[in-house]
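In: All I have is the shape, not the residue letters:
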């Protein structure tokens, strides 16, 4: 009896220690997620103001695209490098690189330097985001993971609630540069917590880095994005520059597929795509990322440029969407953990997102703040359900050996979706501005803007310019901007429909109830498969 009691006490003590280990690790991951979330939510409502000061409304989408492109380049190798050097050192490296990018962004003297600095920030995010998911995949069973990933989504949402309003307030009362500097103390705090309290198993294994696979994939995606953004603006679609870039992208991506079939350890094993669960989850995840970033980065343009809200109010008006995201992220995570079912919540979430985007397509110059908030709430409810769940599905379907690379592949798909989505939507906006402004503004006004070197649409984002505009000209610009944004929001509907169809084809598998490893110093266990 005594032996049994002792064994039960020891087991309970070990379980308590493991739980404490999990929470210590999770605290570090939550802080990392907070840092990355603040980067996006603080800056998004201020982007119109930034381009009004630095110039570049026609290249507006390059500010978020550069970060997404860098993340896309880094993500494929992040998981593999973490297998070689350990998750923790690479996670800390990502935070340091992110902090450096934030500092460079804050001192940016011009538009294209800011684009470069955001590229550095994105490289840091390329380590932080997939490695946080890989660490969760290592230490928490799939059945319990929904709860924890729901909390990760909630940390994003919680930062998002504070971020837009704070970003607008800082921009209007201080300077948009402090939106980047404010990331630095959070990064330092995260480094301290991770260094002293995050203990994860660090089983280093010999690996071969797929250098050529990484190069061909990154270069191919970069060429495709450049062609998409420049087509019809800097160069005609039929020009040798655009045709050449798309041709180079096709050749490089074909070379990537050839390299992956022969690589000892491919950066993105093509065999993973043989699994319908993996394939359809990644397709759907790409669609969600495209629509999510389209909403976050282009809604402030409408709210400030068409409705006429200040930068502070445009940030605050995003808060209901992000509160809704928090609620459904936590709620759906708990539901999935308790029931082990995830497909129906995903489909419901996508329907809600579709309804929200449909409302966006009805927006015009008469749209009120209340209508904008209603659409944002619907989108937020859907995003909270979908944002983390596709990663859970993929992790549940692969073995421990493929955990890091499968998680990185999922993050890669989301990064590609976000980058491509922003490139396509930004191109649609640029083309729309070129044609819509001429409908509402006389040729003399357009010529005056062109002669002064200022942007037509950018004038409504800059209070100093707006104060000197005749009311008829300001109204014409708002009408033109509303028309230009309409096809941007319309493009979200087929994207969400594609994600819905892909989700229908995902086979729902029971969620495992065992983790691959145990959290805590020196604790490593094999998972039961």
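Out: Received the coordinates, thanks. All values reported here derive from a predicted model rather than from experimental measurement.
In: quick one: low-confidence ranges for the stretch 301-450 of the chain?
Out: Per-residue confidence for the stretch 301-450 of the chain (pLDDT under 70) gives these ranges: 310-316, 400-404, 443-450.
In: how about the helices in it?
Out: Taking DSSP state H, counting those that start in this stretch to define them, one finds helices in the stretch 301-450 of the chain at 311-316, 319-339, 343-360, 369-386, 389-397, 403-440, 443-452.
In: so which of these comes closest to residue 242?
Out: Set against residue 242 and scored by Cβ to Cβ, those come closest in helix 403-440, at 11.3 Å. (Glycine included, C-beta is placed from N, CA and C.)
In: helices and strands around the closest one, which ones?
Out: Helices and strands touching helix 403-440, as assessed by 3 or more Cβ pairs under 8 Å, 6 or more residues apart in numbering; DSSP states H and E, comprise helix 62-85, helix 111-139, helix 211-230, helix 276-302, helix 389-397, helix 471-490.
In: what angle sits between it and helix 211-230?
Out: Helix 403-440 and helix 211-230 are oriented at 10 degrees to each other (axes from the mean of the first three to the mean of the last three Cα atoms, to 10 degrees).
In: can you list the helices of the stretch 301-450 of the chain in CSV and add distance to residue 118?
Out: Shown next, in CSV, are these (distance: least, Cβ to Cβ, whole Å):
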stretch, distance to residue 118
helix 311-316, 19
helix 319-339, 21
helix 343-360, 25
helix 369-386, 22
helix 389-397, 24
helix 403-440, 12
helix 443-452, 27
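In: Format those helices as JSON lines; extra columns: mean neighbour count and distance to residue 248.
Out: Listed next are the helices of the stretch 301-450 of the chain as JSON lines, based on neighbours: other Cβ atoms under 10 Å; distance: least, Cβ to Cβ, whole Å:
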{"stretch": "helix 311-316", "mean neighbour count": "24", "distance to residue 248": "39"}
{"stretch": "helix 319-339", "mean neighbour count": "21", "distance to residue 248": "38"}
{"stretch": "helix 343-360", "mean neighbour count": "21", "distance to residue 248": "33"}
{"stretch": "helix 369-386", "mean neighbour count": "23", "distance to residue 248": "34"}
{"stretch": "helix 389-397", "mean neighbour count": "25", "distance to residue 248": "30"}
{"stretch": "helix 403-440", "mean neighbour count": "23", "distance to residue 248": "16"}
{"stretch": "helix 443-452", "mean neighbour count": "12", "distance to residue 248": "33"}
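In: For residue 291, which of the ones you listed is the nearest?
Out: With Cβ to Cβ as the criterion, residue 291 lies closest to helix 343-360 of these, at 6.3 Å.
In: Would you mind putting the helices and strands packed on helix 403-440 into a markdown table with distance to residue 254 alongside?
Out: Supplementary listing: the helices and strands packed on helix 403-440 in a markdown table, determined by distance: least, Cβ to Cβ, whole Å:
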| stretch | distance to residue 254 |
| --- | --- |
| helix 62-85 | 17 |
| helix 111-139 | 24 |
| helix 211-230 | 8 |
| helix 276-302 | 19 |
| helix 389-397 | 25 |
| helix 471-490 | 31 |
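In: and residue 331, which of those helices is closest to it?
Out: Closest of these to residue 331 is helix 389-397, at 12.2 Å (criterion: Cβ to Cβ).
In: same for the closest one, what does it pack against?
Out: In terms of contacts (3+ Cβ pairs under 8 Å, 6+ apart), helix 389-397 is packed against helix 111-139, helix 142-173, helix 276-302, helix 319-339, helix 343-360, helix 403-440.
In: Try it again at 6 Å.
Out: On a contact count with 3 or more Cβ pairs under 6 Å, 6 or more residues apart in numbering; DSSP states H and E, helix 389-397 meets helix 142-173, helix 276-302, helix 403-440.
In: circling back to that earlier point, comparing the helices and strands packed on helix 403-440 by mean pLDDT, which bottoms out?
Out: Averaging pLDDT over each of the helices and strands packed on helix 403-440 singles out helix 62-85 as the lowest, with a mean of 75.
In: tell me the mean pLDDT for stretch 264-273?
Out: Per-residue pLDDT over stretch 264-273 has a mean of 78.
In: neighbouring contacts of that stretch?
Out: In this structure, residues lying in contact with stretch 264-273 by Cβ atoms under 6 Å, 6 or more residues apart in numbering are 76, 207, 208, 210, 213, 214, 260, 278, 279, 409.
In: out of the helices and strands packed on helix 403-440, nearest to residue 245?
Out: Among the helices and strands packed on helix 403-440, if distance is taken as Cβ to Cβ, the winner is helix 211-230, at 3.7 Å.
In: List the buried residues for that closest one?
Out: For helix 211-230, a neighbour-count test (16 or more other Cβ atoms under 10 Å) marks 212-230 as buried.
In: I'd like to know which elements that helix is packed against.
Out: Short answer (3+ Cβ pairs under 6 Å, 6+ apart): helix 211-230 packs on helix 62-85, helix 240-262, helix 403-440.
In: and those as CSV, adding distance to residue 285?
Out: Converted to CSV, the helices and strands packed on helix 211-230 look like this (distance: least, Cβ to Cβ, whole Å):
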stretch, distance to residue 285
helix 62-85, 13
helix 240-262, 19
helix 403-440, 5
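In: Figure out how far the host helix or strand of residue 501 is from the centre of its chain.
Out: Using DSSP states H and E, residue 501 sits within helix 492-504. Relative to the centre of its chain, helix 492-504 is centred 18 Å away, using Cα atoms, centre = their mean, to the nearest Å.
In: ditto for stretch 406-418
Out: Relative to the centre of its chain, stretch 406-418 is centred 10 Å away, using Cα atoms, centre = their mean.
In: please renumber so the chain begins at 19
Out: Sure, I'll start numbering at 19, so the last one becomes stretch 424-436.
In: what residues does it touch?
Out: Everything outside stretch 424-436 that qualifies as a contact, by Cβ under 6 Å, 6+ apart, is 86, 89-90, 93-94, 96-97, 147-148, 151-152, 155, 286, 300, 303-304, 307-308, 311, 409, 412, 416.
In: make it 7 Å
Out: Residues from elsewhere that reach stretch 424-436 (Cβ atoms under 7 Å, 6 or more residues apart in numbering): 86, 89-90, 93-94, 96-97, 147-148, 151-152, 155, 239, 286, 290, 296, 300, 303-305, 307-308, 311, 408-409, 412-413, 416.
In: can you check stretch 312-326 too?
Out: Outside stretch 312-326, the residues that touch it by Cβ under 7 Å, 6+ apart are 58, 62-63, 65-66, 82, 327, 329, 332, 335-336, 381, 383, 385, 387, 390, 394, 397, 439-440, 443, 475, 478-479, 496, 499-500, 503, 506, 510.
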